[in-house]
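Enquirer: no sequence on this one, just coordinates:
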């Protein structure tokens, strides 16, 4: 058999196998639910507390299983001493404007930066 015919048959075979696998997956339940929503904290009395939570409780069956996690960083309030001079600092915000940040991701990032700027003190 000629080489180009073998390649063509191999492609047809791969298409057939892929179609059969997709048909099999489509016949099964497509969403798996989990009641596990791990939440944690780095501890109490710390200067910075990190709280984590899954942003979803379902994963589509047959996918890579990648989920998003929300991290919340909270800093403990310290009383300011009037004797200490507040040191000025520079703050730089880098915002990714690539194609992967289109839509809601970009609007959420912009809103977070605006919220951050609103919380700054002079």
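Expert: Looks like it came in fine. All values derive from a computational prediction rather than experimental measurement.

Enquirer: When you work out contacts or count neighbours from here on, use the C-alpha atoms and nothing else.
Expert: Noted.

Enquirer: Check which helix or strand residue 116 maps to.
Expert: Element membership of residue 116 [criterion: DSSP states H and E] is helix 104-119.

Enquirer: May I see the buried residues of stretch 48-57?
Expert: Of the residues in stretch 48-57, 49, 52 count as buried by neighbour count, 16 or more other Cα atoms under 10 Å.

Enquirer: in the protein, what spans have low per-residue confidence?
Expert: 1-4, 22-46, 80-82, 84, 122 (pLDDT under 70).

Enquirer: how's it carved up into domains?
Expert: 1-29, 34-77, 90-122 (automatic domain parsing).

Enquirer: about what we covered before: run the chain-centre distance for the helix holding residue 116.
Expert: 16 Å (Cα atoms, centre = their mean, to the nearest Å).

Enquirer: Buried residues in it, which are they?
Expert: So, applying 16+ other Cα under 10 Å, buried residues of helix 104-119: residue 106.
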